[in-house]
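> Need the 3D shape of this:
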Amino acid sequence: MIEEGVRIGTNCTIHPFVHIRQGARIGDNFTAYAHVSVREFCVLGNNVTLQDGAKIGSDGFGYAKQSDKTYYKIVQSGIVVIEDDVEVGANATIDRATIGETRVRRGAKIDNLVQIGHASDVGENTLLCAQVGLGGSSKIGRDVILTGQVGVAGHLEVGDGVVATAQTGIPNSVEAGKVISGYPAIDNRDWLKSSAVFRRLPELLKRIEALEKASPQSAGATSRNTNP
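Numbers count the residues shown, from 1 in each chain. Sure thing, here's the model as predicted:
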């Protein structure tokens, strides 16, 4: 279904069950596979590919808690802008902004099942691998690689060229060029060392307890602490 006021460029392929809502603007060489949805007034550049089930411009997740503890839905009146040469994977979702825009910049590649929150900005040539989640208003630099299941808290910035290894949780902004891992995210080399220590914690605890029992000074300290 293509609604009123939609503009679509040349050499485009639209497969079955695609829904393009009113006022959407789409460039040349566009491909939309089955069950794609492009919501109202969203803007897509040239050479954009949307794999099966991709959802562009669905409502951002915005609610305000009311005095009776129910949630009031905040109107999501912004749009999504996808620049040239972007591919969006199957069942990925890119939410429209509350106001303004959510933007995916030129050459970015979005894998399957990725969630991009409202008002986020994804930089040029950035890769978001499967099940990455960006909280609202995240700003991701250019040439960033967020590997599988990386989570980014909202309202922060990930600098250019950052690489986050699988399942990294990013609660704070990250300087450009860093390679990070773990939760909370730290330098990858530190995380590897910490992981090696973590596996040995039961053994290290036994050794510490054994040393405390064997140490006369420790025994004396324990005796003094237990006296009235």
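> how about low-confidence regions in this protein?
Regions of the chain meeting the criterion pLDDT under 70 cover residues 216-228.
> Now with 80, please.
Along the chain, the parts satisfying pLDDT under 80 run over 215-228.
> ok, now how distant is R207 from S215?
From R207 across to S215, the span is 12 Å (CB to CB, to the nearest Å). Glycine gets a C-beta too; all of them are placed from N, C-alpha and C.
> Can you give me the domain boundaries for this structure?
7-188, 192-226 (automatic domain parsing).
> tell me the most buried of those domains?
Stretch with highest mean neighbour count among those: domain 7-188 (a mean of 19; mean count of other CB atoms under 10 Å).
> hmm, back to that, ok, which of the domains of the chain comes nearest M1?
If you check each of these against M1 by CB to CB, domain 7-188 wins as the nearest, at 5.0 Å.
> Endpoints of that closest one, how far apart?
Domain 7-188 has an end-to-end distance of 46 Å (criterion: CA to CA, to the nearest Å).
> what does stretch 159-179 give?
11 Å.
> Kindly report the same for stretch 143-152.
Start-to-end span of stretch 143-152 (CA to CA) is 16 Å.
> Quick one: distance of it to the chain centre.
Centroid separation between stretch 143-152 and its chain, computed with CA atoms, centre = their mean, to the nearest Å, is 6 Å.
> outside of that stretch, which residues touch it?
123-135, 138, 140, 158-170 (CB atoms under 8 Å, 6 or more residues apart in numbering).
> Among the residues you listed, which lie within strands?
Using DSSP state E, 127-128, 133-134, 140, 158, 163-164, 169-170 are the members of those that sit in strands.
> Lovely, talk soon.
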